[in-house]
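A.B. asks: just a sequence and a predicted model for now, questions to come.
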Amino acid sequence: MTGKRIVNAYKTVEKNQAYALKDAVKIVKENATAKFDETIDLAINLGVDPKHADQMIRGVCALPHGNGKKIRVAVLAQGEKADEAKAAGADIVGAESLIDSILAGKIDFDRCIATPDMMGMAGKVARVLGPKGLMPNPKLGTVTTDVATAVKKAKAGEVQYRVEKNGIVHAGVAKASFSEDQIYDNVKAFVDAIMKAKPQTLKGTYMKKISLSSTMGVGVKVDLNQL
């Protein structure tokens, strides 16, 4: 059945055609017919070399409609800041106990936030969290004294992004159950965020190709000239 569904989906997409974003969204949503709520994925090919520090594209993007994913948030904090994190809806809050749990291999969260005074302690788990993209980072807003706002943003569907070594940025920006307008708004917001992250020293083409797909669906090229 899956094979037949994919074959039928390909019939709706011209292989070498780049579609206006609204049309691409419509095609991807209509072909997201799996028995679960598929994630709408965005892939952007950039003309950057991440080996150069000034071309490491990384940051966060607040999506207008969230990404439809339930984010579990852990906060490294103590005292008053720990109380603020709990009140804001953090799933896990702790200091030494959280560090010990992470070192034991228990990572039951999708985002880790820390107060600045906890970064010395957080260094103990850098080798564990770093490769998973979970290490608190000031540039991503996950090292902050305003833990309540950071927790609320994460819970609201704020997406972190980081260019891969092949120059591609991937992000799950919506769910197939979202309306076409909601998907469009989220994709546009993410693309705008990547555009704003363009290195000032970069020469040549920055944004080379954009494609949109669902978890089980086909990829649809987006026309860059119409964005």
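C.D. replies: Yep, that arrived.
A.B. asks: okay, CA-based contacts and neighbour counts for the rest of this
C.D. replies: Fine.
A.B. asks: helix or strand: which one has K26?
C.D. replies: helix 21-31 (DSSP states H and E).
A.B. asks: where do the strands sit along the chain?
C.D. replies: Assigned by DSSP state E, the strands in the chain fall at 39-46, 58-62, 73-76, 92-94, 111-114, 158-162, 168-175, 207-214, 220-222.
A.B. asks: out of those strands, nearest to K15?
C.D. replies: Closest approach to K15 among the strands of the chain (CA to CA): strand 220-222, 8.3 Å.
A.B. asks: rewinding a little: among the strands of the chain, which is nearest F190?
C.D. replies: Set against F190 and scored by CA to CA, the strands of the chain come closest in strand 58-62, at 6.3 Å.
A.B. asks: other SSEs contacting the lengthiest helix in the chain?
C.D. replies: Counting residues, the longest helix in the chain under DSSP state H turns out to be helix 180-196. With contacts defined as 3 or more CA pairs under 8 Å, 6 or more residues apart in numbering; DSSP states H and E, the packing partners of helix 180-196 are helix 21-31, strand 58-62, strand 168-175.
A.B. asks: may I have the second one as PDB, with CA atoms only?
C.D. replies: Provided in PDB are the C-alpha atoms of strand 58-62 (Å, rounded to 0.1, in the frame of the first residue of the first chain):
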ATOM      1  CA  ARG A  58      23.000  28.300  13.600                       C
ATOM      2  CA  GLY A  59      20.200  29.800  15.500                       C
ATOM      3  CA  VAL A  60      16.500  29.700  16.500                       C
ATOM      4  CA  CYS A  61      13.300  30.500  14.800                       C
ATOM      5  CA  ALA A  62      10.000  31.200  16.500                       C
END
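A.B. asks: who are the contact partners of the nearest residue to D185 once chain neighbours are set aside?
C.D. replies: Spatial nearest neighbour of D185, excluding adjacent residues (CA to CA, 6 or more residues apart in numbering): P64 at 6.7 Å. Counting by CA atoms under 8 Å, 6 or more residues apart in numbering, P64 touches 182, 185-186, 189.
A.B. asks: separation between P64 and K51?
C.D. replies: Using CA to CA, to the nearest Å, P64 is found at 32 Å from K51.
A.B. asks: just L202 next, same as before
C.D. replies: L202 is 13 Å from K51, by CA to CA.
A.B. asks: okay, the angle between the helix holding K26 and strand 207-214?
C.D. replies: Taking axes from the mean of the first three to the mean of the last three CA atoms, to 10 degrees, one finds helix 21-31 and strand 207-214 inclined to each other by 30 degrees.
A.B. asks: and helix 21-31, which residues are buried?
C.D. replies: 21, 23-25, 27-29, 31 (16 or more other CA atoms under 10 Å).
A.B. asks: distance to G94 and pLDDT added to those, as JSON lines?
C.D. replies: As requested, these are exported to JSON lines (distance: CA to CA, whole Å; pLDDT from 0 to 100):
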{"residue": "L21", "distance to G94": "43", "pLDDT": "96"}
{"residue": "D23", "distance to G94": "46", "pLDDT": "95"}
{"residue": "A24", "distance to G94": "44", "pLDDT": "96"}
{"residue": "V25", "distance to G94": "41", "pLDDT": "97"}
{"residue": "I27", "distance to G94": "45", "pLDDT": "95"}
{"residue": "V28", "distance to G94": "41", "pLDDT": "96"}
{"residue": "K29", "distance to G94": "40", "pLDDT": "96"}
{"residue": "N31", "distance to G94": "43", "pLDDT": "92"}
